[in-house]
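Asks: A predicted structure for the sequence below; I have some questions about it.
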Amino acid sequence: MIKMRISRQDLYRLPLNMLVFLVTSISGASIYYLMGGQHGSEAYQTLYDIIPILA
């Protein structure tokens with residue numbers, strides 16, 4: 001962070017960016033599981049298992 005020389009006025013961007021990444025990750029995982037996605041080796045056994053991945 002020192003090497004990037006972020007000023008004190010721009011420090012708010014760090015937690016904001018982390019929050020955006022967290023919300024994106026949680027919402028993506030939620031949509032995957034709501035569409036019927038699973039984890040483990042059963043996650044992609046048939047052709048229909050690609051639908052939650054694409055969602």
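Replies: Yes, it's here. Numbering: from 1, shown residues only.
Asks: quick check: which helices or strands does the longest helix along the chain pack against?
Replies: With DSSP state H setting the assignment, residue counts place helix 13-34 as the longest helix in the chain. The criterion is 3 or more C-beta pairs under 8 Å, 6 or more residues apart in numbering; DSSP states H and E, and the helices and strands that helix 13-34 contacts are helix 50-54. For glycine as for every other residue, the C-beta is placed from the backbone atoms N, C-alpha and C.
Asks: what residues of the helix it packs on count as buried?
Replies: Along helix 50-54, these residues count as buried under the neighbour rule (16 or more other C-beta atoms under 10 Å): P52.
Asks: give me the contacts around it.
Replies: 31-33, 35-37, 44 (C-beta atoms under 8 Å, 6 or more residues apart in numbering).
Asks: residues of the longest helix of the chain that come out buried?
Replies: For helix 13-34, burial by neighbour count (16+ other C-beta under 10 Å) applies to Y32.
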